[in-house]
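Participant: structure for the following, please:
(2 chains)
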Protein chains: 2
Amino acid sequence: MNAPLPAHLLPALAPRAVPAAMLDALKAQFGDRCSTAQAVREQHGRDESPIDAPPPEAVVFCESTEDVAAVVKLADHYAVPVIPFGVGSSLEGHLLAVQGGVSIDLSRMNKVIAVNAEDLTVTVQAGVTRMQVNDEIRHTGLFFPIDPGADASIGGMCATRASGTNAVRYGTMRENVLGLTVVTAQGEVIHTGTRARKSSAGYDLTRLMIGSEGTLGVMTEITLRVYPQPEAVSAATCTFPSIDAAVRTTIQIIQMGIPIARCELLDGFAVQAVNRHAKLSLTEAPMLLMEFHGSEASVAEQAATVQEIASEHGGEGFQWATTPEERKKLWTARHHAYFAGLQMKPGCRTVTTDTCVPISRLAESVVSASEEAVAAGLQHYIVGHVGDGNFHIAYLVDPTKPDERETAERLNEALVMRALAMNGTCTGEHGIGLHKMGFLVSEAGTGAIEMMRTVKRALDPKNIMNPGKIFAL
Amino acid sequence: MNAPLPAHLLPALAPRAVPAAMLDALKAQFGDRCSTAQAVREQHGRDESPIDAPPPEAVVFCESTEDVAAVVKLADHYAVPVIPFGVGSSLEGHLLAVQGGVSIDLSRMNKVIAVNAEDLTVTVQAGVTRMQVNDEIRHTGLFFPIDPGADASIGGMCATRASGTNAVRYGTMRENVLGLTVVTAQGEVIHTGTRARKSSAGYDLTRLMIGSEGTLGVMTEITLRVYPQPEAVSAATCTFPSIDAAVRTTIQIIQMGIPIARCELLDGFAVQAVNRHAKLSLTEAPMLLMEFHGSEASVAEQAATVQEIASEHGGEGFQWATTPEERKKLWTARHHAYFAGLQMKPGCRTVTTDTCVPISRLAESVVSASEEAVAAGLQHYIVGHVGDGNFHIAYLVDPTKPDERETAERLNEALVMRALAMNGTCTGEHGIGLHKMGFLVSEAGTGAIEMMRTVKRALDPKNIMNPGKIFAL
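Facilitator: Numbers count the residues shown, from 1 in each chain, chains lettered A, B, ... in the order given. A predicted model of the protein is given here:
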């Protein structure tokens, strides 16, 4: 059992019962695809956050936009909350049924609807995962770059405005979604955007939905930008004498405008965790894990420049991985860092930070986070999409020791407040969910929050779309 | 005198008088900076669109966010429309006071507030123009790429979600604005975004404002992403036997993922206009005007690949411009195409189209537009940001001949409907304004329009922010 919901979040906990008539209607329409089994409800009532809450009262496995619209129409009629669910990899409590209601499971909406290779666009159902997209388009010579580590659903990635390792070159979900099919809070189906690369046609409803965490509507179909697989790809690891040196190397790479495709930091603890988990033998010191995309000549040129910059900062032991197998091994290890970290302290859960700061302040930001965690004696590791100014310190917290959780939250708060003072953000890619609601107020200010609330109240007047998340209404 | 407002737009014309008490209050607060002179009002009551409407009743020259807030607070109190004004380069009637009210002139808000070169960000007041930004940051080795041709204000570029020649590589205003200071419809000042490159912190209010055409708030300060000036830049022109061949070359460049920085089409008529206006001697045939950014080696490699593709499509006469002076001459000529075009038919005004389609459909889209204009015997020229799938056919219309205007609108409509059938958009970068309101309904559908209206009504319940634009309320 995990720690209870922190006191400041309790206002979000105002469960609204699902009336028997609604459950009957759902069962009549969906049969076995509407489940009230305890195990199913519990699986849909948690995510990878360290927060627990009661599960939803029912789960409906939707197979089409029409299914979703039918559930939402009932929810609208009975003023009952609905919570979209993809694969459950959220880190901030997005999926928790803090106000009760029905979980809308989209995992069976797993079809790639259209591959328009000649236009560099792909349209998918929301339950398709990022790896599935890439598996299904590989033969076309294209790929979808956004990679948050977990094999998240595209719908979930839209909901949290996800990014990850390739964002430094290819942007985030914000830049790579062209259009959406959305079920509104009234159960109506609307379409946003087009398959054109750019548009000035009215309000940017696509971007309003991206990052809205299920609070404004349910995204059911998504048109993505995809890219030609680069002619050449090369990955490298390089070890540094300090976190500071690794981050300063990154800062210089970005300031010089080198089109690096991935630039990931792992601190010594993260490398240690990855070594144990993936049976690798990487040097257990601060490390940059980089990737270059382009023509053969361009990749060679980028790599040479970066190697020079790294050397100036004491980087050494440049190891190249040019075959797909070697690269896959490295990136799989990086992607498993979260689970590798959990295994460093059996039974623990993680409190993960997600600040993103202007690039020149990154070294200060990462180094102070590391030093404070060491000083507090709290087990942790650091990984970061440092090319974007974004990093995560994961505090490993024993759920039976409330003081560890308190220490982690205290360090997190100090770190966030420093990031905000640097004109940064409390969350680069994980979203607000339940966990960062207080930070959002500090970051956006009451005026901007009030504008968000006004939009929410207008589009979802009954407050049924994933209520209790992002801000208190 | 221009043609009157078309009949279908008349519902937008419901002028609300500015009460004497409000004018008195404005004059008391702003003195000479509040003008009701006929010439000033008329200058602020028109733009580069072919539409005329009565001018605003007053113009206030604001010098700060606080000034703007003061005007909007009065407008809110008296329920009077306000219309932000930058340099007046809008093409779609955005600046027309169709419901009366007060023009808020932002041209004196022309200060670059902060240059954070080490973070690749610049913060400016809304009245700063794109050329001014570049003049003021040139010494840092950085540049701001978004270039709609006209030396538009950054605030205006935000309002229409502008893009232009560099968007194929660097994105549009959507991708390059990090944060905003906004005066809401209630005259409150809010801040959106941060200086971090990415964020998942709540609703994307920045993107909601970008492209909102002054209808949701007045953007007064803008934080932009800027980029290191490339080590090498090379521009080239290449002539093609047909528009089709030039566009097919472009399609192949994009599909191969070549990171071309600019890829502009000019048809034979556009080249002719540019030749006369800029005293150049370019071959008067369909032409691509391209630019490559990168390291010396990368630019050479891109150029060689593109030259090969062009040759396959019959492109010839590759002319290189590698010195800044030669490049400037070429791009200045391109940027003056609009005025050069006007001079081809003295006294004319232009009806300009702005469709953007998925790249594979571009050749069909441009060729049919050209053929239809020729068949209709209407003088015209074509320029296009073809790397994005976006092009403009400008019909030169004699304002004394209503049938020419009618023909232009009929051709425009046919062209837009074809673009929508291709999953494209009626406007890639100019915005909806007054002129494309009907097209937006066809493109977005009533559900999405209703969502836009709901957002508008919630944020601007008195409908005072540039009313009558984008959609009918």
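
Participant: partner residues bridging A:I382?
Facilitator: Residues in a beta bridge with A:I382, per DSSP bridges, are A:I393.

Participant: that one reaches A:S370, doesn't it?
Facilitator: Yes - between A:I382 and A:S370 there is a contact under Cβ atoms under 8 Å: 6.0 Å. Using the backbone N, CA and C atoms, a C-beta is placed for each residue, glycine as well.

Participant: mutual contacts of these two, please.
Facilitator: Taking Cβ atoms under 8 Å, 6 or more residues apart in numbering or on different chains as the contact rule, A:I382 and A:S370 both touch A:I243, A:D267, A:I393.

Participant: and those as CSV, adding distance to A:A39, neighbour count and pLDDT?
Facilitator: Shown next, in CSV, are those (distance: Cβ to Cβ, whole Å; neighbours: other Cβ atoms under 10 Å in any protein chain shown; pLDDT from 0 to 100):
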residue, distance to A:A39, neighbour count, pLDDT
A:I243, 43, 25, 97
A:D267, 38, 27, 97
A:I393, 33, 28, 97
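
Participant: tell me which of those is nearest to chain B?
Facilitator: The nearest member of the shared contacts of A:I382 and A:S370 to chain B, counting by Cβ to the nearest Cβ, is A:I393 at 16.4 Å.

Participant: now for the closest one: which residues touch it?
Facilitator: Applying Cβ under 8 Å, 6+ apart to A:I393 gives the contacts A:T352, A:T353, A:A369, A:S370, A:A373, A:H380, A:Y381, A:I382, A:L411, A:L415.

Participant: so what's A:D147 up against?
Facilitator: Counting by Cβ under 8 Å, 6+ apart, A:D147 touches A:R130, A:G164, A:T165, A:N166, A:H335.

Participant: please redo it, this time with the cut-off set to 7 Å
Facilitator: Residues in contact with A:D147 (Cβ atoms under 7 Å, 6 or more residues apart in numbering or on different chains) are A:R130, A:G164, A:T165, A:N166.

Participant: same question for A:I382.
Facilitator: Contacts of A:I382 (Cβ under 7 Å, 6+ apart): A:L265, A:D267, A:A270, A:V366, A:A369, A:S370, A:F391, A:H392, A:I393.

Participant: can you flag the buried ones in those residues?
Facilitator: Neighbour-count burial (16 or more other Cβ atoms under 10 Å in any protein chain shown) applied to those gives A:L265, A:D267, A:A270, A:V366, A:A369, A:S370, A:F391, A:H392, A:I393.

Participant: export these to TSV and tack on distance to A:L280 and secondary structure?
Facilitator: TSV is the format used below for the buried ones among the contacts of A:I382 (distance: Cβ to Cβ, whole Å; DSSP: H, G, I helix; E, B strand; the rest coil):
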residue	distance to A:L280	secondary structure
A:L265	17	strand
A:D267	16	coil
A:A270	12	helix
A:V366	23	helix
A:A369	25	helix
A:S370	22	helix
A:F391	21	strand
A:H392	20	strand
A:I393	22	strand
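
Participant: and which of the residues you listed is nearest to chain B?
Facilitator: Nearest to chain B among these, counting by Cβ to the nearest Cβ, is A:F391 at 11.6 Å.

Participant: from A:A369, how far off is that closest one?
Facilitator: A:F391 is 8 Å from A:A369, where distance means Cβ to Cβ, to the nearest Å.

Participant: got it, and A:L120?
Facilitator: The gap separating A:L120 from A:A369 is 38 Å, by Cβ to Cβ.

Participant: one more: A:C34?
Facilitator: Between A:C34 and A:A369 the computed distance is 45 Å (Cβ to Cβ).

Participant: A:G341 too?
Facilitator: Applying Cβ to Cβ, the value for A:G341 to A:A369 is 15 Å.

Participant: and the strand or helix carrying A:T305, which residues are buried?
Facilitator: A:T305 is part of helix A:296-312, with elements assigned from DSSP states H and E. Buried positions in helix A:296-312, judged by neighbour count with 16+ other Cβ under 10 Å: A:S298, A:V299, A:E301, A:Q302, A:A303, A:T305, A:V306, A:Q307, A:I309, A:A310.

Participant: low-confidence ranges in chain A?
Facilitator: Scanning chain A for pLDDT under 70 picks out A:1-13.

Participant: out of the contacts of A:D147, which are inside strands?
Facilitator: Taking DSSP state E, every one of the contacts of A:D147 sits outside strands.

Participant: in CSV: those, plus distance to A:T65.
Facilitator: What follows is the contacts of A:D147, written out as CSV (distance: Cβ to Cβ, whole Å):
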residue, distance to A:T65
A:R130, 20
A:G164, 27
A:T165, 31
A:N166, 29
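
Participant: pull the most distant pair out of these.
Facilitator: The largest separation in these, counting by Cβ to Cβ, is between A:R130 and A:T165 at 11.4 Å.

Participant: for the stretch 301-450 of chain A, what lies in contact range of chain B?
Facilitator: Counting by Cβ under 7 Å from any Cβ of the partner chain, the residues of the stretch 301-450 of chain A close to chain B are A:301, A:356-360, A:388-390, A:423-432, A:440, A:443-445, A:447-448.

Participant: any quick PyMOL command for the buried ones out of these?
Facilitator: Those of these that count as buried under 16+ other Cβ under 10 Å are selected in PyMOL with:
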select buried, chain A and resi 301+356+357+358+359+360+388+389+390+423+424+425+426+427+428+429+430+431+432+440+443+444+448
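
Participant: so which of the residues of the stretch 301-450 of chain A next to chain B belong to strands?
Facilitator: A:N390.

Participant: which of the residues of the stretch 301-450 of chain A next to chain B fall within helices?
Facilitator: Under the assignment DSSP state H, those contribute A:E301, A:L440, A:E443, A:A444, A:G445, A:G447, A:A448 to helices.

Participant: between those residues, which is nearest A:H139?
Facilitator: Out of these, the member with the shortest distance to A:H139 (by Cβ to Cβ) is A:E301, at 29.8 Å.

Participant: and the closest one, what is it in contact with?
Facilitator: B:S295, B:A297, B:S298.

Participant: which ones are touching the second one?
Facilitator: Counting by Cβ under 7 Å, 6+ apart, B:A297 makes contact with A:A297, A:E301.

Participant: how close does it sit to B:Q319?
Facilitator: From B:A297 to B:Q319 the distance is 22 Å (Cβ to Cβ).

Participant: repeat that for A:A278.
Facilitator: 54 Å.

Participant: and if you look at A:Y338?
Facilitator: Taken as Cβ to Cβ, the span from A:Y338 to B:Q319 is 54 Å.

Participant: for the buried ones among the contacts of A:I382, which one is nearest B:T223?
Facilitator: When the buried ones among the contacts of A:I382 are compared for distance to B:T223 (Cβ to Cβ), A:F391 comes out closest, at 21.6 Å.

Participant: for that closest one, which non-adjacent residue is closest in space?
Facilitator: Spatially, and ignoring its direct neighbours in sequence, A:F391 is nearest to A:G384 (2.8 Å; Cβ to Cβ, 6 or more residues apart in numbering or on different chains).
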